[in-house]
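Q: after the sequence you'll find the predicted model.
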Amino acid sequence: MARQIAVLAGDGIGPEVMQVTLNLLQKALGDRSSEFSFQEALVGGAAIDATGSPLPPETLKLCEQSDAILFGSVGGPRWEHLPPERQPERGALLPLRKHFQLFANLRPVTLYPELAASSPLRADLVRDGVDILVVRELTGGIYFGQPKGREGSGPDEKGYDTMVYHRHEIERICEVAFTAAAERKRLVTSIDKANVLTTMVLWREVVTEYAERFNQNQAADKRVELSHMYVDNAAMQLILKPSRFDVLLCGNMFGDILSDEASVLGGSLGMLASASLSSGRKGFGLYEPSGGTAPDIAGKGIANPIAQILSAALMLRYSFGLGEIGNRIDNAIRAAITAGARTGDIALPGEESISTLEMAAEISRRLDS
Ligand code: NAD
């Protein structure tokens, strides 16, 4: 039976980078492309214009019937006047995350040595490139813990939130991080604040126990080394020596902050993809670029398609167990960059830049080799 992918291109540069990604995906899949069906649906501002809702019921239904969602990006100045709950991002992405219980967010941050000059860090700090996977727990922790609220008045008025993690929540995010690490450089750095927070004492204990169990069941060449780091130190080390990290395993709040910090190391939002995996349906995920709709360049045909293409590669790896094809796509991107292909966002001043279509073509022809 064909496996179905819901394609939600959205607004701004979304449709531009989605189209070239779908073409490339078909090519990468080769004979296997007949096993997949791609079904497009409206989302975000485009859906508001057509139906009044940023996430129409038919779009949600299509997603429910699919095995993965390949998402573009949503929003733009045209819809900014709407009340928050009807805005494209709040009204589409948040409900999708909730509906599909997307508990694990994965953000690969790659800085190829050839692009070191587009990183905000000094060249000697990123000489070895950066290749980090931030694995962030997305549905627990202080953002959702109860009780939270505000009470009182005057000088005693207070606001409060509760940081809470259950053992099962920590274990299931460990599974994502360790499984991913086993296929990478086999190093997990677990981020916590166990010197101050009781929640994080439990976090550290559970992660340590999980690592022992995981390694007992692995062949020697898949065992993963675990280290622990306080979040404040991690914030510094990401700047001082980013090449030391492989997989960063984080709770919700620390992951929120560190994944944004790590993301700028990659040089451009146009290079950053993300995956959000479901706890409700094994293998189901939503895959999207980390950036937005880039209204400043939308319609000009110059957006960098790499983030969207990398999102598709993540989808092959995590939803369809086709890591080898995902790797071929990654390698083709790398080869195009090494050969000097640059869209405007990653070109240095004075360097020639190419269009979205040209970048996709540069990557596509390297899929063959
Ligand atoms: P943005 O990510 O759209 O743009 C920030 C900068 O990065 C811009 O200069 C843009 O040109 C550049 N950029 C982003 N992606 C690029 C790409 N692929 N190639 C080349 N350059 C790229 O962020 P913003 O300007 O703050 O937001 C614009 C709109 O996107 C807003 O409506 C916002 O709400 C929405 N947004 C949506 C998502 C999402 O759908 N997940 C995420 C963030 C922002």
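A: Cool, got the structure. Numbering: from 1, shown residues only.

Q: and the nearest residue to residue 193 once chain neighbours are set aside, how many neighbours does it have?
A: In space, residue 193 comes closest to residue 200 once its chain neighbours are excluded; the distance is 4.8 Å by C-beta to C-beta, 6 or more residues apart in numbering. All C-beta spots, glycine's among them, are computed from the backbone N, C-alpha and C. Using other C-beta atoms under 10 Å, the number of residues around residue 200 comes to 22.

Q: extract the C-alpha trace of whichever helix or strand residue 200 is part of and format it as PDB.
A: Element membership of residue 200 [criterion: DSSP states H and E] is helix 198-216. C-alpha atoms of helix 198-216 as PDB (Å, rounded to 0.1, in the frame of the first residue of the first chain):
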ATOM      1  CA  THR A 198      15.100  18.500  41.700                       C
ATOM      2  CA  THR A 199      13.400  17.800  38.400                       C
ATOM      3  CA  MET A 200      16.800  17.800  36.800                       C
ATOM      4  CA  VAL A 201      18.200  15.400  39.400                       C
ATOM      5  CA  LEU A 202      15.600  12.900  38.300                       C
ATOM      6  CA  TRP A 203      16.400  13.800  34.600                       C
ATOM      7  CA  ARG A 204      20.100  13.000  35.100                       C
ATOM      8  CA  GLU A 205      19.300   9.700  36.900                       C
ATOM      9  CA  VAL A 206      16.900   8.500  34.300                       C
ATOM     10  CA  VAL A 207      19.200   9.500  31.400                       C
ATOM     11  CA  THR A 208      22.100   7.700  33.100                       C
ATOM     12  CA  GLU A 209      20.100   4.500  33.600                       C
ATOM     13  CA  TYR A 210      18.700   4.700  30.100                       C
ATOM     14  CA  ALA A 211      22.200   4.900  28.600                       C
ATOM     15  CA  GLU A 212      23.300   1.800  30.500                       C
ATOM     16  CA  ARG A 213      20.300  -0.200  29.300                       C
ATOM     17  CA  PHE A 214      20.700   1.100  25.700                       C
ATOM     18  CA  ASN A 215      24.300   0.200  25.500                       C
ATOM     19  CA  GLN A 216      23.700  -3.300  26.900                       C
END
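
Q: start the count at 332 instead of 1 going forward.
A: Let's use 332 as the start, then, which means that last one is helix 529-547.

Q: nearest to the ligand: which residue in this protein?
A: residue 623 (2.4 Å; C-beta to the nearest ligand atom).

Q: how about the secondary structure of that residue?
A: Following DSSP: H, G, I helix; E, B strand; the rest coil, residue 623 is assigned to coil.

Q: next up, the contacts around the residue nearest to it when sequence neighbours are not counted.
A: Counting by C-beta to C-beta, 6+ apart, residue 623 lies nearest to residue 404, which is 5.1 Å off, once chain neighbours are set aside. By C-beta atoms under 8 Å, 6 or more residues apart in numbering, the contact list for residue 404 reads 341-345, 375, 619-620, 622-625.

Q: ok, now which ones touch residue 413?
A: With C-beta under 8 Å, 6+ apart, residue 413 has these contacts: residue 379.

Q: secondary structure class for it?
A: When the rule is three-state DSSP, residue 413 gets the label coil.

Q: where does this structure have low pLDDT?
A: Under the criterion pLDDT under 70, the flagged ranges of the chain are 332, 700.

Q: how about the residues of it by the ligand?
A: Taking C-beta under 6 Å from any ligand atom as the contact definition, the chain meets the ligand at 344, 404-407, 420, 424, 600-601, 619, 622-628, 634-635, 638, 676.
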